[in-house]
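Fold the following and give me the result.
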Amino acid sequence: MKKKEETFFQLISQKPWEASQAKLDNKHDGKTLKLSREKIGVRTIMVVSTVIFSFFVVAYADRMLIHDWKNMPEPWLLWINTCILMITSYFFHKTKIASDRSENVKSKKWSLYCWIFIFHFYFRTNVSVVSTSKSRILCSF
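The predicted structure follows:
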């Protein structure tokens with residue numbers, strides 16, 4: 001087994017077709033990098049999310065350059081939903097603390113608050129989208 005872990009650049013500069021490298025490869029334990037699957041998964045998700053967000057920013061910036069651009073009005077529902085999400089995350093945090101301390105009654109109570117706000121957020125968002133789309137359909141006729 002190899003004693004020394006190799007860096008990424010050392011790994012990609014190896015020449016596996018050479019006989020000396022083949023002897024070293026036969027002694028290798030099979031791990032390429034010393035990262036766990038979880039860390040690799042989180043890093044992959046972060047990279048993909050960053051790339052997609054960057055595409056949205058570039059598309060938005062490009063769209064602003066077109067002559068018929070109008071600023072989007074600030075929706076009131078955005079602020080309500082933001083507050084609901086912040087309150088829900090607070091309740092999730094309280095639920096986790098209570099469950100870590102094995103306080104089942106408090107954990108159930110905080111969990112119930114979480115579900116109330118989650119349903120409120122979900123139905124408030126969907127009802128407003130449906131009502132907006134219906135009003136647009138009615139206005140177009």
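
For Ile116, grab the count of nearby residues.
Applying other C-beta atoms under 10 Å, we find 13 residues neighbouring Ile116. C-beta coordinates here come from the backbone N, C-alpha and C atoms, glycine included.

tell me which element it is part of?
Assessed by DSSP states H and E, Ile116 sits inside helix 104-140.

Mind checking the pLDDT average for that helix?
Averaged across helix 104-140, the pLDDT comes to 72.

Also stretch 14-27?
Rounded mean pLDDT across stretch 14-27 is 76.

same deal with stretch 43-53?
For stretch 43-53, mean pLDDT is 95.

before we move on, what about stretch 76-96?
87.

residues in contact with that stretch?
106-107, 110-111, 113-114, 117-118, 120-121, 124-125, 128 (C-beta atoms under 8 Å, 6 or more residues apart in numbering).

Could you tell me which residues within that stretch count as buried?
81, 84, 87-88, 91-92, 94-95 (16 or more other C-beta atoms under 10 Å).

Provide a ChimeraX selection command restricted to the buried entries of the contacts of stretch 76-96.
This is how ChimeraX selects the buried members of the contacts of stretch 76-96, with burial counted by 16+ other C-beta under 10 Å:
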select :107,110,111,113,114,117,121
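
pull the CA atoms of stretch 20-36 into PDB?
Extracted C-alpha coordinates of stretch 20-36, given in PDB (Å, rounded to 0.1, in the frame of the first residue of the first chain):
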ATOM      1  CA  SER A  20       7.200   1.200 -13.400                       C
ATOM      2  CA  GLN A  21       3.800   2.900 -13.000                       C
ATOM      3  CA  ALA A  22       2.000  -0.500 -13.400                       C
ATOM      4  CA  LYS A  23       3.900  -1.900 -10.400                       C
ATOM      5  CA  LEU A  24       2.900   1.100  -8.300                       C
ATOM      6  CA  ASP A  25      -0.700   0.800  -9.400                       C
ATOM      7  CA  ASN A  26      -0.900  -2.900  -8.400                       C
ATOM      8  CA  LYS A  27       0.100  -1.800  -4.800                       C
ATOM      9  CA  HIS A  28      -2.500   0.900  -4.700                       C
ATOM     10  CA  ASP A  29      -5.400   0.500  -2.300                       C
ATOM     11  CA  GLY A  30      -8.000   1.800  -4.700                       C
ATOM     12  CA  LYS A  31      -8.900   5.200  -3.300                       C
ATOM     13  CA  THR A  32      -8.100   8.100  -5.600                       C
ATOM     14  CA  LEU A  33      -8.900  11.000  -3.300                       C
ATOM     15  CA  LYS A  34      -9.400  11.100   0.400                       C
ATOM     16  CA  LEU A  35     -12.800  12.600   0.300                       C
ATOM     17  CA  SER A  36     -15.900  10.800   1.500                       C
END
